[in-house]
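In: Have a look; sequence and predicted model below, questions after that.
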Amino acid sequence: MTNSRIKRIAWWCILLLTAVAFFPFELSAQQQTQTVSNESGFYYTVQKGDTLWDISQKFFKDPYLWPDLWSRNSQLANPHWIYPGDVLHIYVVNGKLYVEKVKPTPAPKPEPEAPAPQEPPYFLYSSMPEVGFIRNPAVSPSGVIFKIENGRNLASTGDIIYIRQEGSAGLPVGSRFTLYRTYGPIKDPANKKAIGMLHYYTGVAEITQQENGYVLAKIIKNYRDVEPGDLAMPYQEQSPKIYLPKDTPQISGDILLSQDRRELIGEHAIAFIDKGKKDGVSPGQQFQVYTQEQVKLNPKDKNLTSLPPKDIGTILVLRTEQNTATVLVLNSQTAFGPGTKFSTTLN
């Protein structure tokens, strides 16, 4: 065998080993990106110096849970090899997710080149564009659907709808609008006072043709069946990332109702609470849903005694209005209804 032939074989071996080493890493990175973009849940971006031990302590208050955290993140080939920029799926322990409070530290000295900001932990909710809200006063619509193509009563993605212009905002060709309907007024279960109107999203449409006093639009996405009488408001992009705050003030209140207006509210349902921005509520905060039974200690007693509160679930704030907020039920031990209490911590 000649020297040139031996060299060629050696080069082919080197190329083969390089390909074997490179492609599994590339596939793992691609799989991780797809997992994060297609799932809902809590996520954390690994920062410099992080270990699974530290991360388990930060989120679960127990560093010995690191093997469980590793087992739930199959993209990590080795628990000791995690790098800044890796994204971990953070699961919920006993219905709760704890975030370690960060102690204030002195401002770092100026450096020639500032490090890139690290992304804080977040909850990924891919259905965020479908999340409605309660507002007072109600949104002033830009238009009203008065007809569906071919005289149908229901429309979905790809169908043409006719929208009558309302107000002076206009419906320019090429612009997108959120389709919705309203319910209400929604009343406070405790005092029966009107809180606002429920805005219930049905889809998104794009204006395709302008006529005298009305427009034609194509439905590009529908969340529920679109009907004549549904309203249109300017479309606003909703990020699926709900960033988690480091701390939540003590806030208590009532569950108003579910987005689908069902009598019972369960796990993964969208609901509304009677506290909002003015009360210190912000997206990413978590609250405990609870019941508290009142009984007579003695049949002859006139006064009722409150028993200790019973934790029955956890809710996560998705968006806020001035007096209300929209929440996701992360977990629930039992279904509950309007008027059920919630609080940051149970006393």
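Out: Here it is on my side, so go on.
In: Only C-alpha atoms from now on, for both contacts and neighbour counts.
Out: OK.
In: Leaving out sequence neighbours, find the closest residue to D254.
Out: Spatial nearest neighbour of D254, chain neighbours left out: K341 (4.6 Å); criterion: CA to CA, 6 or more residues apart in numbering.
In: Confirm for me that that neighbour is in contact with V289.
Out: Yes. Using CA atoms under 8 Å, K341 is in contact with V289, at 5.9 Å.
In: Tell me which of the two has more neighbours.
Out: A count of neighbours by other CA atoms under 10 Å puts V289 above the other of K341 and V289, at 27 against 20.
In: Next, the buried residues of the helix or strand hosting the more buried one.
Out: Using DSSP states H and E, V289 maps to strand 286-291. Neighbour counts using 16 or more other CA atoms under 10 Å place 286-291 of strand 286-291 among the buried residues.
In: Could you list every helix and strand in contact with it?
Out: Packing partners of strand 286-291 (3 or more CA pairs under 8 Å, 6 or more residues apart in numbering; DSSP states H and E): strand 310-320, strand 341-343.
In: what about the protein, any weak spots by pLDDT?
Out: 1-39, 94-116, 347 (pLDDT under 70).
In: Specify the strand with the largest residue count in it.
Out: strand 194-210 (DSSP state E).
In: Roughly how far does the nearest residue to V173 once chain neighbours are set aside sit from A232?
Out: Nearest residue to V173, sequence neighbours excluded (CA to CA, 6+ apart): I207, at 4.9 Å. Computed as CA to CA, to the nearest Å, the I207 to A232 distance reads 11 Å.
In: Looking at those two now, which is surrounded by more residues?
Out: A232 (29 against 21).
In: Tell me the strands beside the helix or strand the more buried one falls within, with direction?
Out: Counting by DSSP H and E, the element that carries A232 is strand 231-234. For strand 231-234, the paired strands and their directions (DSSP bridges) read strand 143-148 (antiparallel), strand 176-187 (antiparallel).
In: For the ones you listed, could you give me JSON lines that also reports distance to K246?
Out: Shown next, in JSON lines, are the strands paired with strand 231-234 (distance: least, CA to CA, whole Å):
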{"stretch": "strand 143-148", "distance to K246": "41"}
{"stretch": "strand 176-187", "distance to K246": "32"}
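In: among those strands, which is the most enclosed?
Out: Stretch with highest mean neighbour count among these: strand 143-148 (a mean of 21; mean count of other CA atoms under 10 Å).
In: and after that one, which helix or strand comes next?
Out: By DSSP H and E, the next helix or strand past strand 143-148 is strand 160-165.
In: ok, back up a step: can you give me the buried ones in the strand holding A232?
Out: Applying 16+ other CA under 10 Å to strand 231-234 flags 231-234 as buried.
In: For Q238, see how far away the residue nearest the centre of the chain is.
Out: In the chain, the centroid-proximal residue (CA atoms, centre = their mean) is Y125; its distance is 3.6 Å. Using CA to CA, Y125 is found at 10 Å from Q238.
In: so where do the helices sit in the stretch 51-200 of the chain?
Out: Remark: helices assigned in the stretch 51-200 of the chain by DSSP state H, counting those that start in this stretch are 52-60, 66-71.
In: which ones are touching the nearest residue to E263 once chain neighbours are set aside?
Out: Leaving aside its sequence neighbours, E263 sits nearest to G337 (CA to CA, 6+ apart; 5.9 Å). Residues near G337 by CA atoms under 8 Å, 6 or more residues apart in numbering: 255, 257, 263-265.
In: Which one of these is nearest to S332?
Out: Within the contacts of G337, proximity to S332 (CA to CA) peaks at I265, which comes in at 9.0 Å.
In: For P309, grab phi and psi.
Out: Note on P309: backbone dihedrals following degrees, to the nearest 10 are phi -60, psi 150.
In: Could you find the closest non-adjacent residue to it?
Out: According to CA to CA, 6+ apart, the nearest residue to P309 is Q292 (4.5 Å).
In: my guess is the one you found meets K310, correct?
Out: Yes. Q292 lies in contact with K310 (CA under 8 Å); the separation is 6.1 Å.
In: what residues are up against the nearest residue to L154 once chain neighbours are set aside?
Out: In this structure, L154 finds its nearest non-sequential neighbour in E227, 5.0 Å apart by CA to CA, 6+ apart. E227 makes contact with 145, 148, 153-155 under the criterion CA under 8 Å, 6+ apart.
In: which among those residues gets closest to K187?
Out: Nearest to K187 among these is I145, at 27.3 Å by CA to CA.
In: Name every strand pairing with the helix or strand that the strand holding A232 is followed by and say which way it goes.
Out: As assigned by DSSP H and E, the chain's next helix or strand after strand 231-234 is strand 241-243. If you go by DSSP bridges, strand 241-243 pairs up with strand 122-124 (antiparallel).
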